[in-house]
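> A structural model of the following input is requested.
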Amino acid sequence: VQLQASGGGLVQPGGSLRLSCAAPGNIFMFSTMEWYRQAPGKQRELVAAITRSDGANYVDSVKGRFTISRDNAKNTVTLQMNSLKPEDTAVYYCSADFFSYGDPPVAARYWGKGTLVTVSS
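Next comes the predicted model:
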């Protein structure tokens, strides 16, 4: 299972971009959806996450600038990125943190291919 991410590109500092990610419905409905990023020479970091009940969390460096949201009807998660800074430049990855309370319970993580965001003048 691979998620489908889109929306990266080149933007000037202070600009905005919107990333989207689609997942199969049977995965999406049981997952906390997350966006990670990896900048050159750095470790991958969790940027934002949204639970099945729409609880959102952000890394401190993007609070007030990025907004994560999910559309449960379309099985998509979106990351709206405003006031972008050069340090936001990275490959952004969508991830589904899946958990099903079945018998037995099932836990898994699914990833999308990264999308490059470049913030530069």
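
> pretty sure residue 34 contacts residue 44?
No. Residue 34 lies out of contact with residue 44 (CB atoms under 8 Å); the separation is 10.9 Å. Quick note: C-beta positions are derived from backbone N, CA and C, even for glycine.

> between those two, which one's more packed in?
residue 34 (23 against 14; other CB atoms under 10 Å).

> isn't there a strand covering that one?
Yes. Assessed with DSSP: H, G, I helix; E, B strand; the rest coil, residue 34 lies in a strand.

> and it, bridged to which residues?
Residue 34 has these beta-bridge partners by DSSP bridges: residue 49, residue 95.

> quick check: mean pLDDT of stretch 65-77?
Stretch 65-77 shows a mean pLDDT of 96.

> now do the same end-to-end measure for that stretch.
End-to-end distance of stretch 65-77 (CA to CA, to the nearest Å): 17 Å.

> list the contacts of it.
20-25, 28-29, 33, 35, 47-50, 54, 56, 58, 78-84, 94 (CB atoms under 8 Å, 6 or more residues apart in numbering).
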